[in-house]
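Participant: Could you work out the structure for the sequence below:
(chains A and B)
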Amino acid sequence: MPERPILLRATGVTKIFRLGKVAVPALRGVDLELAAGEVVLLMGPSGSGKTTLLSILGCILTPTDGSILLMGRETAGLPENQLAPVRLAHVGFIFQGYNLFPTLYAVENVRLALDLRGVTGAEAEHRSLEALAAVGLADKAHVLPRDLSGGQKQRVAIARALVAEPEILLADEPTAALDSETGRTVIGLVRDLAVTHGRGVVIVSHDSRIADFADRVIRIEDGRIVVPGGSPS
Amino acid sequence: MGPGCSLYPAVTAMTIRIALRNLLHDRIRLAVTLIGVIFAVVLITVQGGLFIGFTRATSCVIENTEAEVWVASRGVRNFDVTHPLTAYQFHQILSVPGIARAERLIVRFANWKKPLGGIESVEVVGYDPDSGLGRPWRVSAGSLDALRMPDTVAVDELYLSKLGLTTGLGQTVEIGDHRARIVALTRGIRSFTTSPYIFTSYANAIDYTHFDDGQCTYILARPVPGLSPEALRDAIAASVPDIDVYTREQFAAKTQHYWMFTTGAGMALLIAACLGLVVGGVVVAQTLYATTMDHLPEFGTLRAMGAPSGYIHRIIIHQAVAAALAGYGPGILTSYALVGLAERGGASIVLTLPMAVGVFFLTVIMCVAAGLVSIRKVTTIDPAMVFRGA
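Facilitator: Predicted coordinates:
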């Protein structure tokens, strides 16, 4: 089996938040790699640094120290105006609270991701409908988020994250607001859609039941990786 | 709206869709926004219209005369108040080369005794009926030829009630203790002061104002063909001492400037118009800001997704422009209605097409400026907020 390319490599990532004069370390020298077609599950207790790590991997936060190579480009230390284009080009996000636009129809929420990348008109409409169909919501294209169930909203969010075909997909507690079965369905969908297209996926979750879907489970506590991954248990 | 329905075609820019949906999302807030815009439009238009109306009223007699050059006593500051010129000065001016015609004009305040008792102040304008320089315009009833007769005057329909008149034509009053019979009516010749213009012949005006025979307030001159008003003005100024000479446009501008700015009347109107702009802008800024705060998680999501700042700014600017467009229409229609009402009340509010267009652009600018507060807010959103459950 040929070696899969590394999409994301974090080396010695440290993040210290300053609360007034107090320095609060959130991450302490974290190393992590994400290969194409790989699903990594980040687990750990609240306050362990999972979401901070996800934010840094997604170029939303910059590390205090360490290196982030995203698609071969060093992003640590870049200012926000240079990080935003990197996110736009390479990263798709799935959020715990779905973060859909309540005033836009499902298809428009998906289309938004393409619009940001300059894909408009009929092509954008076509691709958005295809993405919705891929998550099983072809018949909900012109429904507002308020009229969708939690699972349907998260599937719209997945379609939005994947429609622009980013190499990396980052998901923050994607099943937290869903019941167990819906959660498994959603994660299964993420795995199917991402892995089959060679994307790398990092999922932050408390939910150990979704570990079955991950290639590796990394456990993080107090800002350090305590179980560095491997085969899922 | 039901599934499958959309107000917007597929090609509508996403930023416009988001902006319009954000605005329409909260109808009450949208109503407040529109009321703010309408308020600003009405206040700016009405105050601006009053300013233009008053400005025109101050110089309407000057601008409606055919005389290109106005001669006044030294130090004249406006049309309404100045020292008289002498008969000698009139003859000196007549002898200046380049004059095709020069006539005397009397402008002087006088007391008007109403038919049923009571006094009103009026501004008598006495012109030479033969030349017509300084005659009234927009005659709606009667005849200007009748003003050649002794003790005859023309008044404006707007002031019939103020002057204690009923039918107007044929009624007799006293001006400066002299008999005056109404033989002509005009329509829409407004006075900037509280004293209506009363047009009469030069000869009658001497009786009403107690000027000496030969005296006048102004000498109106016309140049011979081929000579410019400016050249005639300079020639008169060089030949006759102790007078001020202006072209018609210069004197109109001088009078306008005096009344609108030296007295503060114009500034008061302009300040009121600016106040409308500020108050409207603040209302719009507040409601747009509140709308932005309502949709902060979405703006945060856009930032996290890597949306360029310009994309997010466009949404807010589109919201502002949409509010301006939606508020301008009702605002300008309300203004037209108020102008109509004011016309009946005797107030002079001028609402021209260029002014309506100007107010439109001012409204858009006001709303976009109001949106800057929101733009500043979304510019500083931390994209990491999306991971904090915001």
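Participant: CA atoms for contacts and neighbours, from now on please.
Facilitator: OK.
Participant: Report the buried residues of stretch B:129-141.
Facilitator: B:129, B:133-136, B:139, B:141 (16 or more other Cα atoms under 10 Å in any protein chain shown).
Participant: Minimum distance to chain A, which residue of chain B gives it?
Facilitator: Chain A sits closest to residue B:306 of chain B, with a gap of 4.2 Å, by Cα to the nearest Cα.
Participant: and the end-to-end length of stretch A:95-112?
Facilitator: Terminal residues of stretch A:95-112 lie 16 Å apart, using Cα to Cα, to the nearest Å.
Participant: can you give me the offset of that stretch from its chain's centre?
Facilitator: 16 Å (Cα atoms, centre = their mean, to the nearest Å).
Participant: going on from the strand or helix carrying residue B:16, what's the next piece of helix or strand?
Facilitator: Assessed by DSSP states H and E, residue B:16 sits inside helix B:14-25. Sequence order places helix B:27-58 as the next helix or strand after helix B:14-25, per DSSP H and E.
Participant: residues contacting the spatially most central residue of chain A?
Facilitator: The C-alpha lying nearest the average C-alpha coordinate of chain A belongs to residue A:170 (Cα atoms, centre = their mean; 1.1 Å). Residue A:170 is in contact with A:54, A:58, A:91-94, A:201-203, counting by Cα atoms under 8 Å, 6 or more residues apart in numbering or on different chains.
Participant: Could you confirm whether the helix holding residue B:16 reaches chain A?
Facilitator: Yes: counting by Cα under 8 Å from any Cα of the partner chain, contacts between helix B:14-25 and chain A involve B:14, B:18, B:21-22, B:25.
Participant: Now, of these, which are buried?
Facilitator: Buried among these by 16+ other Cα under 10 Å: B:14, B:18, B:21-22.
Participant: quick one: which of those residues is nearest to residue B:226?
Facilitator: residue B:14 (64.0 Å; Cα to Cα).
Participant: next SSE after the helix-or-strand element of chain B with minimal mean pLDDT?
Facilitator: Lowest mean confidence among the helices and strands of chain B (mean pLDDT, DSSP states H and E): helix B:265-294, at a mean of 82. Toward the C-terminus, helix B:265-294 is succeeded by helix B:296-305 as the next helix or strand (DSSP H and E).
Participant: tell me what that following helix is packed against?
Facilitator: Judged by 3 or more Cα pairs under 8 Å, 6 or more residues apart in numbering or on different chains; DSSP states H and E, helix B:296-305 is in contact with helix A:80-90, strand A:91-94, helix B:309-345, helix B:353-379.
Participant: which residues does residue A:214 contact?
Facilitator: So residue A:214 contacts A:38-41, A:232 (Cα under 8 Å, 6+ apart).
Participant: Likewise for residue B:167?
Facilitator: Contacts of residue B:167 (Cα under 8 Å, 6+ apart): residue B:160.
Participant: Phi, psi for it please.
Facilitator: phi -80, psi -30 (degrees, to the nearest 10).
Participant: what about it, distance to residue B:148?
Facilitator: From residue B:167 to residue B:148 the distance is 21 Å (Cα to Cα).
Participant: how about residue 128, phi and psi?
Facilitator: Just going to use chain A. phi -70, psi -40.
Participant: The chain in question should be chain B.
Facilitator: phi -90, psi 110.
Participant: Is it correct that it is in contact with residue B:199?
Facilitator: No: checked against Cα atoms under 8 Å, the pair residue B:128 and residue B:199 is beyond contact range at 10.6 Å.
Participant: More neighbours: which of these two?
Facilitator: residue B:199 (29 against 20; other Cα atoms under 10 Å in any protein chain shown).
Participant: how about the more buried one, what does it touch?
Facilitator: B:124-127, B:135-136, B:153-155.
Participant: Tell me which entries of those lie within strands.
Facilitator: In this view, these that belong to strands under DSSP state E are B:124-127, B:153-155.
Participant: and those residues as a markdown table, adding neighbour count, pLDDT and distance to residue A:5?
Facilitator: Shown next, in a markdown table, are the ones in strands among the contacts of residue B:199 (neighbours: other Cα atoms under 10 Å in any protein chain shown; pLDDT from 0 to 100; distance: Cα to Cα, whole Å):
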| residue | neighbour count | pLDDT | distance to residue A:5 |
| --- | --- | --- | --- |
| B:124 | 30 | 94 | 97 |
| B:125 | 27 | 94 | 96 |
| B:126 | 28 | 94 | 99 |
| B:127 | 29 | 94 | 99 |
| B:153 | 30 | 95 | 101 |
| B:154 | 30 | 94 | 98 |
| B:155 | 25 | 94 | 96 |
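Participant: on that earlier part again, check the contacts of residue A:170 one by one and keep those near chain B.
Facilitator: Of the contacts of residue A:170, the ones that also sit near chain B (Cα under 8 Å from any Cα) are A:91-93.
Participant: Got the domain ranges for chain B?
Facilitator: Domains of chain B are assigned by automatic domain parsing as B:14-56+B:265-388, B:75-241.
Participant: where does chain A come near chain B, residue by residue?
Facilitator: Counting by Cα under 8 Å from any Cα, chain A sits next to chain B at A:51, A:55, A:60-61, A:83-88, A:91-93, A:95-97, A:99-101, A:103-104, A:112-113, A:115-116, A:120-122, A:125, A:141-143, A:172.
Participant: Disregarding residues adjacent in the polypeptide, which is nearest to residue B:135?
Facilitator: residue B:127 (6.2 Å; Cα to Cα, 6 or more residues apart in numbering or on different chains).
Participant: looking at it, the one you found is touching residue B:134, isn't it?
Facilitator: Yes: applying Cα under 8 Å, one finds residue B:127 in contact with residue B:134, separated by 5.5 Å.
Participant: Overlap of the contact sets of those two?
Facilitator: residue B:105.
Participant: What does the pLDDT read for residue B:201?
Facilitator: On pLDDT, residue B:201 comes in at 94.
Participant: My read is that residue A:87 contacts residue A:58, right?
Facilitator: Yes: using Cα under 8 Å, residue A:87 is in contact with residue A:58, at 6.6 Å.
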